[in-house]
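Participant: Sequence and predicted structure are below.
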Amino acid sequence: MDVQLSWNLVHDVRQLLEFHFMVNALRAGTIVAVVAGAIGYVMVLRRQSFAGHTLALLGFPGAAGAVWLGLDASVGFFGFCIAAALILGLAPAGRAGEQSAVIGIVQSFGLACGLLFVSLYHGFLSGLNNLLFGTIVGVTDRQVLVLLVAGVVALGALAALGRPLLFASIDEAAARSRGVPTRLVGVAFLVLLGVAAAGASQVTGSLLVFALLVAPAATAVRLTARPVVGLVLSVVIALVVTWLGEGAAYFSTYPIGFWVTTFAFGLFLLASGYRAVVK
Amino acid sequence: MTTSAVRLEHASADRGGRVVWSDVSVEIPRGEFVAVLGPNGVGKSTLLQVVLGLLPLKAGHVDVLGRPAGRANARIGYLPQRRAFDPATPVRGVDVVRLGLDGDRWGVPLPFAGRWTAAGRARNERVREVIDVVGAAGYADRPIGQCSGGEQQRLLIAQALVREPELLLLDEPLDSLDVTNQASVSALIQHVCRSLGVAVMLVAHDVNPILPYLDKVLYLAHGGALMGPPEEVITADTLSMLYGTPIDVLHDRAGRLVVVGQPDAAAAHAPH
Ligand SMILES: Nc1ncnc2c1ncn2[C@@H]1O[C@H](COP(=O)(O)OP(=O)(O)OP(=O)(O)O)[C@@H](O)[C@H]1O
Ligand SMILES: [Mg+2]
């Protein structure tokens, strides 16, 4: 592959879209960024970043197990992330501290399983990096379709949960008194978070999902206190860092995960600086 | 229409297998302002949850606004006992008030519904109106976590009021307020109670700021309850008995009652 970044933006974009794999990478990245930006925003609002982090990591054993069994990796990503979301959601609530202990236990067990699957499948080790840190080559048409369907369903569900989800997130006792089934809403949201994490894993890799799930949302939260504006802003930021990251990965020799994370981190720093100055 | 806002008959509640209070029979008429008092841990918050139907009774019966508890919650405004919002909560005061109006409706509002549809405009109007009623207009557009404790409390009272409830359940609304704000929020609640005919159950630890406005006080202690008009219940003997520590009741020159002694200090000694 011999591509050169030039000052001619049109030319660069044409180069980007020259190869089918890159078109697929951009399609997948776009879908994933929208979903992760929106769901990540609510996750940050609900202070469930640790749960989100765990769900993202659990995509790794899922994908490793699926590959070992000869299945499509995306089956493993979605299957494991959703199952883990149900486990976390339905585990007896307990106090807040206990909850994070449960999450931590589930997380380390999942990672250990992932390692086991990798060692069981001997020829697989070259793909390990891609599962953990992402790649722009090798997104199939089918994978894009699966991401699209999952993304549309997840965003539809997020919109349907809408106000009760916001209510339960910021004022649970009052929401419950108004008849909002806060427990159910919480479990449903974790499942959506699982879907978002599974999707994002397939672009950035399991370890770097947070670049899309947390960083854009945390950036948006620093810029606005309006829930709807914040959510839209989070989506826009996720899209920008994904496109920039994929473009940079295409024109350079460094992996996509690095680029997306770097751009996300850069924007986060800018927003934090802006907040510090404005306040 | 029944005349009582809340009626408990021989009601008992337990939490985690332990009886909190038992055989409580009280009736709160519509439009009355009732203070719920008692040491920490006697079950004041538990009582409000029973009234909301969030906690089933162990024994006995509870009717709220003429229906079994939990069936009329749309006509109840509830302010939970609370810790303050995290300073980083990315939600404005006006959004929090708004949730009291339509936070239980599935889905999201249509974009710009507040500008383009009559119903949307009416809802926006109502939110602004109730924010004016509690005097929170000056800070309603700030992130709620950056409002002071007292400002947050006013916004939350607005949230409880926004649907024009017939019953207000306020769990320690005066908690984080300074003396001036305690007085003005108490006056506000009394205004709502009198002018709109809303029954109020207000949990408090310090009865003095609300004393001039109360119709009745409901004391929880020793696993049971005692209710009556302030001048009958708030006597040195009754209070000392309920809290298990000496408490004095003085009359100031205007004939107002003042409770002296620290009821909360007695909590540690209060028998359960
Ligand atoms: N979720 C719960 N599970 C088990 N026990 C509980 C629960 N909530 C409260 N309790 C217990 O029930 C009793 C009554 O609690 P409640 O919160 O109603 O007291 P309170 O009068 O509101 O106290 P405070 O003045 O401190 O707010 C306490 O002994 C408390 O330990
Ligand atoms: Mg309480």
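Facilitator: Yep, that arrived. Computed from a prediction, not measured in an experiment: that's the story for all the values here. Ligands and ions are numbered 1, 2, ... in the order given.

Participant: which residues does A:Ala154 contact?
Facilitator: A:Ala154 makes contact with A:35, A:39, A:192, A:195-196, A:199, according to Cβ atoms under 8 Å, 6 or more residues apart in numbering or on different chains. Glycine gets a C-beta too; all of them are placed from N, C-alpha and C.

Participant: Of the residues you listed, just the buried ones, PyMOL syntax please.
Facilitator: Filtering the contacts of A:Ala154 down to the buried ones (16 or more other Cβ atoms under 10 Å in any protein chain shown) takes a single PyMOL command:
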select buried, chain A and resi 35+39+192+195+196+199
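
Participant: Which positions in chain B make contact with chain A?
Facilitator: B:52, B:54, B:73-74, B:76, B:78-80, B:82, B:85-86, B:88-92, B:95-96, B:99-100, B:102-109, B:142-143, B:156, B:159-160 (Cβ under 8 Å from any Cβ of the partner chain).

Participant: Just the buried ones from these?
Facilitator: Here, 16+ other Cβ under 10 Å leaves B:52, B:54, B:73, B:76, B:78-80, B:82, B:85, B:89-92, B:95-96, B:99-100, B:102-104, B:108-109, B:143, B:156, B:159-160 buried among the residues of chain B next to chain A.

Participant: My read is that B:Asp104 contacts A:Gly179, right?
Facilitator: Yes: with contacts counted by Cβ atoms under 8 Å, B:Asp104 reaches A:Gly179, the gap being 5.6 Å.

Participant: returning to that earlier point: from the residues of chain B next to chain A, which ones fall inside strands?
Facilitator: By the criterion of DSSP state E, membership of the residues of chain B next to chain A in strands covers B:76, B:78-79.

Participant: which one of those residues sits closest to ligand 2?
Facilitator: B:Leu79 (11.7 Å; Cβ to the ion).

Participant: I figured that closest one hits B:Pro165, correct?
Facilitator: No: with contact defined as Cβ under 8 Å, B:Leu79 does not reach B:Pro165; the gap is 10.9 Å.

Participant: low pLDDT regions in the stretch 101-250 of chain B?
Facilitator: Low-confidence regions of the stretch 101-250 of chain B, defined by pLDDT under 70, are absent; no residue qualifies.

Participant: residues touching the closest residue to ligand 2 within it, list them.
Facilitator: Ligand 2 sits closest to B:Asp171 of the stretch 101-250 of chain B, with a gap of 5.8 Å, by Cβ to the ion. Contacts of B:Asp171 were listed using Cβ under 8 Å, 6+ apart, and they are B:44-45, B:48, B:78-82, B:203.

Participant: Look up which residues are beta-bridged to it.
Facilitator: Per DSSP bridges, the residues bridged to B:Asp171 are B:Val203.

Participant: What parts of the stretch 51-200 of chain B come near ligand 1?
Facilitator: B:Gln81 (Cβ under 6 Å from any ligand atom).

Participant: Around chain B, which positions in chain A sit nearby?
Facilitator: A:44-45, A:47, A:159-164, A:166-167, A:170-171, A:173-180, A:220-221, A:224-228, A:230.

Participant: So how do I select the buried members of those residues in PyMOL?
Facilitator: Those of these that count as buried under 16+ other Cβ under 10 Å are selected in PyMOL with:
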select buried, chain A and resi 44+45+161+162+163+164+166+167+170+171+173+174+175+176+177+178+180+220+221+224+225+226+227+230
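
Participant: Enumerate every residue touching the residue nearest to the spatial centre of chain B.
Facilitator: The centroid of chain B falls nearest to B:Leu170 when counting by Cα atoms, centre = their mean (1.2 Å). B:Leu170 makes contact with B:79, B:157, B:160, B:189, B:200-203 under the criterion Cβ under 8 Å, 6+ apart.
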